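Peer 1: next come a sequence and a model predicted from it.
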Amino acid sequence: MAKKLPSTDVVVVGLGWAGSIIANQLADTGLNVIGFERGPWRDTASDFNLASAADELRYSRRQELMLRTKQNTCTMRNSASETALPMRTWGSFHPGNGTGGAGNHWAGITFRFQPHEFRLHSYLTERYGKELPAELTLQDWGTDWEEMEPHYAAFDRLAGISGKAGNLKGEIVPGGNPFEGARSAEYPNPPTQQTYAPTLFAEAARNLGYTPFPVPSALVSQPYTNSLGVKMGPCTFCGFCTNYGCANYSKASAITTVLPALIRKSNFTAVTNAEVLKVVMDSTGTKATGIIYVDANGDEFEQPADIVVVAAFIFENVRLMLLSGVGKPYDPISNTGTTGRNYAYQTANSVQMFFDDKNFNPFIGGGAIGMGIDDFNNDNFDHSGLGFMGGGSTRVTPIGAAPIDSRPVPPGTPTWGTKWKQATVKNYLSTMSIGCEASSYAVRTNYLSLDPNYSDPHGRPLLRITFDFPDNDRRMAKYCIGKVAEIAKSMNPREMVVKSQQGHWDSAPYQSSHIVGGFIMGADPATSSVNKHLQVWGVPNLFVVGSSAFPQNPGYNPTGTVCALAFKAAEAISSRYLKRPGEMISV
Ligand SMILES: Cc1cc2nc3c(=O)[nH]c(=O)nc-3n(C[C@H](O)[C@H](O)[C@H](O)COP(=O)(O)OP(=O)(O)OC[C@H]3O[C@@H](n4cnc5c(N)ncnc54)[C@H](O)[C@@H]3O)c2cc1C
Ligand code: SF4
C-alpha cells in the first residue's frame with residue numbers, strides 16, 4: 001500500500017530535456033513543482049569530471065549513463081506474427097537515466113523540423129495525390145510552423161545553439177541551410193569551427209551544385225550565458241562526446257542549461273532514484289489525481305497533484321499511459337485506438353571512404369561538429385515517379401575516433417591478428433564517413449503495446465515494440481544513398497563502402513536514439529492521443545511530452561522539436577489552462 005503524501009500543484013515525471021524545461025517554466029509561474037527522476041542526480045563537476053569523463057570502457061562500452069536493462073527494458077519483434085524477446089543490452093538505441101536523461105550523452109545536432117512537416121499528410125496529398133504510397137499512415141500534427149517557431153527560438157536561446165541561419169524572416173541567407181523554415185532570429189552562437197573531413201565534404205558537395213551549411217549544434221562555439229543566466233564554455237573538440245557527458249560545460253543538456261537555475265527555486269523539488277509506476281486516475285477516468293512512485297528502498301508513495309506532466313522519453317511515456325489505462329490501446333487489425341499508434345524510427349545510411357593521401361586526425365571532433373546538405377531531405381526534391389516519400393539529412397560529423405570503438409578497416413580485413421593491426425594503422429587517420437540520417441514513416445503494422453510474457457522487477461509488463469522498416473523507407477534509403485555515393489565518388493577515395501537500410505530492423509547495432517510516436521499529437525481524438533498543447537484528450541490535467549507525440553519522423557534529429565514542444569506545453573498551461581482549467585480544445 002502506497003503511503004499518501006501531501007498534495008502539490010504539479011508533478012513532472014522525468015527530468016531529462018523535456019521534463020526539466022516544463023518544470024522550470026511552471027515553477028516560474030509560482031506553482032509548486034515536484035520532479036521525479038528514475039535515475040540518480042547527475043552534475044557536471046561530480047559526474048563528468050575532466051579526469052574521468054573520457055573513459056571509453058566505462059561510458060561507451062559499459063554504457064554507464066544508460067538505463068540498466070535489468071531495471072527496465074523493451075521487448076522487440078519485427079512483426080505481429082513473431083514472439084517478442086527482451087533487449088538485454090542496449091544496441092539500436094541508448095536510453096538515458098538520471099537527471100539530464102539521454103541529453104547528457106547525446107550528440108547535440110539540433111535541427112528544427114521544416115514547416116511542411118507539421119501538416120505532412122495534407123501537404124503530400126496536395127502535392128502528389130494518388131502517388132502517396134498506400135502503406136503509409138502519415139498524419140498532420142494539429143499545429144503549424146507559426147505556432148512552433150517561437151518555441152524553437154526559446155530552445156535555441158536556452159541551449160545556446162551554434163549555427164548559421166539560412167532563412168531569416170523569409171530572406172534566404174548565404175552560408176546557411178536554404179531549406180529551413182523562416183526563423184525569427186539568427187542562432188545565438190556562430191557555427192563551430194570545422195575539421196578537415198567536413199570541410200572536404202562541403203567543397204565536394206558545393207562543386208556538384210548542392211548547398212552545404214554548418215550542422216546546427218548544441219555544442220557551444222564560444223563562451224555563452226543562456227536565457228536563464230547559466231554560463232557555458234566553448235567546445236574543445238575533445239572527441240569524447242556522443243555517449244559521454246561533457247566535462248567542459250559546452251554540450252547543452254538539462255544539467256548544463258536548466259537544472260542549475262531550476263534547483264535554486266524554492267518552489268521546485270527534485271526527487272531522484274524515484275521510479276514512477278503509474279499515473280493515478282479518478283473513478284471517471286477523466287482526471288489524473290497524481291502518481292505512484294517507488295523509491296530506492298523499494299517503498300511506495302502516492303504523490304497527489306493538480307497537474308501531471310509525463311516527460312519520461314517515448315517508451316516510458318507510452319508504457320505509463322498503457323499501465324495507467326489512459327487512452328485506448330492501438331489495435332493494428334481494426335486500426336482503432338490511439339495509445340501505441342504510429343511508432344516510427346529513423347533510417348540510418350552511410351558511405352565510408354578510405355583514402356591513401358589524407359590525414360583527418362579523426363580523434364579531434366564532437367557530436368555535432370560538421371557540415372551537411374539538405375538537398376535530398378524530406379520533400380526538398382521532387383518525388384514524382386520515384387515510388388517513395390521522404391529523404392535524409394546528409395552530413396559529415398566526426399564525433400571523435402575513440403581508441404576502442406574506432407577501428408575502420410576495409411571489408412575483407414581479418415577481424416584480429418597482424419593483418420588487422422596493420423590495416424588499423426593504415427586506415428585510422430585516413431578514413432571518413434558521410435552519414436544520411438533519413439526519415440521513417442509510420443505504417444499500420446508498426447506499433448507499441450504491453451508485452452504479454454515479460455515484466456519488470458515490479459511485475460509490470462514491459463513495453464513491446466513491433467517494428468520493421470516499411471518498403472517506402474527502404475526505397476527512399478536506396479535512392480538517397482545513391483546520391484550521397486556520387487558526392488563520395490567525386491572525392492576520389494581509394495575504396496568506399498555504401499550502406500543503406502535494406503534489411504529488417506535489427507536491434508543489435510546502434511542506429512539512432514531517434515524513436516518517435518505511440519502517443520501522438522493531432523487535431524482529432526480518434527487518431528491522436530494529445531492535442532496541440534500536449535494535453536491528453538479527455539484528461540485535461542494530464543500532459544504527455546516528448547517524441548512520443550511525433551506522428552512520423554522526418555530526416556532530422558528530434559530533440560530541437562521535443563524541447564520546442566516542452567516550451568509549447570508549458571506556455572499553454574501557464575497562459576491558458578491555469579486561467580480556465582479544462583479541455584483547451586473541444587471537438
Ligand atoms: C547517443 C545518443 C545521441 C543522440 N544524439 C542526438 C542528436 O544529435 N540530436 C538530437 O536531436 N537528438 C539526439 N539524441 C536524442 C536525444 O537524446 C533525445 O531526443 C532527448 O534526450 C529526449 O529528451 P526527453 O526529455 O524526451 O527524454 P530523456 O532525455 O530520455 O529524459 C527522460 C527522463 O525520464 C526519466 N524516466 C523515465 N521513466 C521514468 C519513470 N518511470 N519514473 C521517473 N523517471 C523516469 C529517465 O530516467 C530520463 O532521465 C541522442 C540520443 C542518444 C542516446
Ligand atoms: S566535444 Fe565539446 S561538447 Fe562534446 S564533450 Fe568534448 S568539449 Fe564537450
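Peer 2: Structure's in. What do you need? Ligands and ions are numbered 1, 2, ... in the order given.
Peer 1: secondary structure element for the residue of the chain positioned farthest from its centre?
Peer 2: Here the chain reaches farthest from its C-alpha mean at residue 418, the gap being 40.2 Å by CA atoms, centre = their mean. For residue 418, the element it lies in under DSSP states H and E is helix 417-427.
Peer 1: list the buried ones in that helix?
Peer 2: For helix 417-427, the neighbour count (16 or more other CB atoms under 10 Å) marks 423, 426, 427 as buried. In short, each C-beta sits where N, CA and C put it, glycine included.
Peer 1: and if you look at stretch 568-575?
Peer 2: 568, 569, 570, 571, 572, 573, 574.
Peer 1: cool, stretch 316-332 as well?
Peer 2: 316-324, 326-327, 329-330, 332.
Peer 1: quick one: name whatever helix or strand follows the longest strand seen in the chain.
Peer 2: Longest strand in the chain, counting residues (DSSP state E): strand 300-310. Next helix or strand after strand 300-310 toward the C-terminus (DSSP H and E): helix 313-324.
Peer 1: off-centre distance for that next one?
Peer 2: Its chain's C-alpha centre and that of helix 313-324 lie 16 Å apart, by CA atoms, centre = their mean, to the nearest Å.
Peer 1: which SSE is immediately downstream of that helix?
Peer 2: Following helix 313-324 in sequence, per DSSP H and E, is strand 341-344.
Peer 1: what lines up beside that next one in the sheet?
Peer 2: strand 516-518 (antiparallel) (DSSP bridges).
Peer 1: pLDDT on the partner strand, on average?
Peer 2: Strand 516-518 comes out with an average pLDDT of 98.
Peer 1: how about residues contacting that strand?
Peer 2: By CB atoms under 8 Å, 6 or more residues apart in numbering, the list of residues contacting strand 516-518 from outside reads 314, 317-318, 339-345, 440, 442, 447-448, 547-548, 550-553, 558.
Peer 1: against residue 253, how distant is the residue of the chain found nearest ligand 1?
Peer 2: Proximity of the chain to ligand 1 (CB to the nearest ligand atom) peaks at residue 16, 1.9 Å away. Between residue 16 and residue 253 the computed distance is 9 Å (CB to CB, to the nearest Å).
Peer 1: equivalent analysis for residue 401, please.
Peer 2: Counting by CB to CB, the gap from residue 401 to residue 253 is 23 Å.
Peer 1: neighbour count: the two, which is higher?
Peer 2: Applying other CB atoms under 10 Å to residue 401 and residue 253 shows that residue 253 carries more neighbours, namely 30 against 20.
Peer 1: list the contacts for the closest residue in space to residue 172 that isn't next to it in sequence?
Peer 2: Once flanking residues are discounted, residue 172 sits nearest to residue 178: 5.1 Å by CB to CB, 6 or more residues apart in numbering. Taking CB under 8 Å, 6+ apart as the contact definition, residue 178 lies against 166, 167, 172, 211, 374.
Peer 1: tell me where the stretch 401-550 of the chain has strands.
Peer 2: For the stretch 401-550 of the chain, the strands defined by DSSP state E, counting those that start in this stretch cover 431-438, 447-455, 461-466, 495-499, 516-518, 542-544.
Peer 1: need these in JSON lines with mean neighbour count, can you?
Peer 2: Listed next are the strands of the stretch 401-550 of the chain as JSON lines, based on neighbours: other CB atoms under 10 Å:
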{"stretch": "strand 431-438", "mean neighbour count": "26"}
{"stretch": "strand 447-455", "mean neighbour count": "19"}
{"stretch": "strand 461-466", "mean neighbour count": "23"}
{"stretch": "strand 495-499", "mean neighbour count": "16"}
{"stretch": "strand 516-518", "mean neighbour count": "29"}
{"stretch": "strand 542-544", "mean neighbour count": "27"}
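Peer 1: let me know which of the ones you listed is the nearest to ligand 2.
Peer 2: strand 431-438 (17.2 Å).
Peer 1: ok, back up a step: now do the SS call for the residue nearest to residue 172.
Peer 2: Taking DSSP: H, G, I helix; E, B strand; the rest coil as the rule, one finds residue 178 in the coil state.
Peer 1: do you know the pLDDT at it?
Peer 2: 98.
Peer 1: let's have the buried residues of helix 417-427 in a markdown table, adding distance to residue 240.
Peer 2: Below are the buried residues of helix 417-427 laid out as a markdown table (distance: CB to CB, whole Å):
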| residue | distance to residue 240 |
| --- | --- |
| 423 | 24 |
| 426 | 24 |
| 427 | 21 |
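Peer 1: go through those and name the one nearest ligand 2.
Peer 2: Using CB to the nearest ligand atom, these come closest to ligand 2 at residue 427, 22.8 Å.
Peer 1: contacts only, for the closest one.
Peer 2: 354, 408, 409, 410.
Peer 1: show me what contacts the last one?
Peer 2: What that stands for is residue 410. 354, 423, 427, 495, 497.
Peer 1: make sure the first one is actually in contact with residue 495.
Peer 2: Right, residue 354. Yes: the criterion here is CB atoms under 8 Å, and residue 354 meets it with residue 495 at 4.5 Å.
Peer 1: so which bits of stretch 510-519 are buried?
Peer 2: Buried residues in stretch 510-519 (16+ other CB under 10 Å): 511, 512, 513, 514, 515, 516, 517, 518, 519.
Peer 1: next one: it to chain centre, how far?
Peer 2: For stretch 510-519, the distance to the chain centre is 7 Å (CA atoms, centre = their mean).
Peer 1: now do stretch 517-537
Peer 2: 19 Å.
Peer 1: endpoints of it, how far apart?
Peer 2: 16 Å (CA to CA, to the nearest Å).
Peer 1: my guess is residue 84 contacts residue 73, does it?
Peer 2: No: counting by CB under 8 Å, residue 84 does not reach residue 73; the two are 11.2 Å apart.
Peer 1: hmm, back to that, filter the buried residues of stretch 316-332 by proximity to ligand 1?
Peer 2: Counting by CB under 6 Å from any ligand atom, residue 316 from those sit close to ligand 1.
Peer 1: what about residue 484, neighbour count?
Peer 2: For residue 484, using other CB under 10 Å, the count is 24.
Peer 1: can I assume it is in contact with residue 351?
Peer 2: Yes: in this structure, residue 484 is within contact of residue 351 by CB under 8 Å, at 5.3 Å.
Peer 1: list residues touching both of these two?
Peer 2: Joint contacts of residue 484 and residue 351 (CB under 8 Å, 6+ apart) are 434, 436, 498.
Peer 1: residue 135: which of these is nearest?
Peer 2: Distances from residue 135 to the shared contacts of residue 484 and residue 351, taken as CB to CB, are shortest for residue 436 (21.9 Å).
Peer 1: that closest one pairs with what?
Peer 2: residue 349, residue 394.
Peer 1: so where is this structure shaky, pLDDT-wise?
Peer 2: Residues of the chain meeting the criterion pLDDT under 70: none.
Peer 1: do that again at 90, thanks
Peer 2: 1, 130, 586-587 (pLDDT under 90).
Peer 1: flag every residue of it that's near ligand 2.
Peer 2: 219, 235-238, 240-241, 244, 246, 248, 250-251, 366-367.
Peer 1: again, only using 5 Å
Peer 2: Within reach of ligand 2 by CB under 5 Å from any ligand atom, the chain has these residues: 219, 235, 236, 238, 241, 246, 248, 250, 251, 366.
Peer 1: tell me which of those fall in helices.
Peer 2: When these are checked against helices (DSSP state H), there are no matches.
Peer 1: which of these has the largest number of neighbours?
Peer 2: residue 251 (33 neighbours).
Peer 1: contacting residues around it?
Peer 2: So residue 251 contacts 106, 108, 218, 219, 235, 241, 245, 366, 367 (CB under 8 Å, 6+ apart).
Peer 1: for ligand 1, tell me which of the residues you listed show up nearby.
Peer 2: Within the contacts of residue 251, those near ligand 1 by CB under 5 Å from any ligand atom are residue 106.
Peer 1: how many neighbouring residues does residue 404 have?
Peer 2: 9.
Peer 1: quick check: closest non-adjacent residue to the closest residue to ligand 2 within the stretch 251-400 of the chain.
Peer 2: Here the stretch 251-400 of the chain gets closest to ligand 2 at one residue, residue 366, 2.9 Å apart by CB to the nearest ligand atom. Beyond its immediate neighbours in the sequence, the residue positioned closest to residue 366 (CB to CB, 6+ apart) is residue 241, lying 4.5 Å away.
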